[in-house]
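Engineer: For reference, the sequence and a predicted model appear below.
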Amino acid sequence: MTVMQGNAGYARGASAYARVGVESSVMSASPHQLIVMLFDGAQAAIRAARLHLQDGRIEARGESISRALNIINNGLRAALDIERGGEIATRLDSLYDYISTRLIEANLRRDMAALDECDHLIEEIASAWREIGSTTN
């Protein structure tokens, strides 16, 4: 076995271990904690996109922005209940739509300010969501 084969095996093992850890966290999380995890994931993807933009890694930037868009549209927006959530849910839906549009623009225009804006908007919502969680526990 070469060093490269050993390192590749270690990387696969570490990756599998991380996946199990994430899956365990998801399986044991409350609905509130799952939303917090979605916010965290979206922000991590945006931070990665920012780094890729700075380093000129076009494909990686696109993948990170796609990950953020997926979390926002298929996670956060999909979790909204417009009928029961009323005006708050409607406003959040509009805000998520705006964030999605800005992320697409950030990718197309290589716009760091748009990534920063999206990260800031998500943090505003996430911090309020975390505050709600701390008062209900």
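Structural biologist: Looks like it arrived, so ask away.
Engineer: dump the residue contacts of the residue positioned nearest the centre of the chain.
Structural biologist: In the chain, the C-alpha nearest the mean C-alpha coordinate belongs to residue 42, at 1.3 Å (C-alpha atoms, centre = their mean). Each residue near residue 42 by C-beta atoms under 8 Å, 6 or more residues apart in numbering is listed here: 68, 71-72, 75-76, 122. The way it works is simple: take the backbone N, C-alpha and C, and place the C-beta from them, glycine included.
Engineer: ranking the residues you listed by neighbours, who comes first?
Structural biologist: Counting neighbours by other C-beta atoms under 10 Å, the top entry in those is residue 68, with 28 neighbours.
Engineer: you'd agree residue 39 is up against residue 72?
Structural biologist: No: when contacts are counted by C-beta atoms under 8 Å, residue 39 is not listed as touching residue 72 (9.5 Å).
Engineer: Residue 45 against residue 71, yeah?
Structural biologist: Yes: with contact defined as C-beta under 8 Å, residue 45 counts as touching residue 71 (6.6 Å).
Engineer: okay, among the contacts of residue 42, which ones form the most distant pair?
Structural biologist: 75 and 122 (11.7 Å; C-beta to C-beta).
Engineer: How far does stretch 82-90 sit from its chain's centre?
Structural biologist: 22 Å (C-alpha atoms, centre = their mean, to the nearest Å).
Engineer: Show the average pLDDT along stretch 64-76.
Structural biologist: Mean pLDDT, taken over the full extent of stretch 64-76, equals 97.
Engineer: gap between residue 124 and residue 61?
Structural biologist: Taking C-beta to C-beta, to the nearest Å as the criterion, residue 124 is separated from residue 61 by 24 Å.
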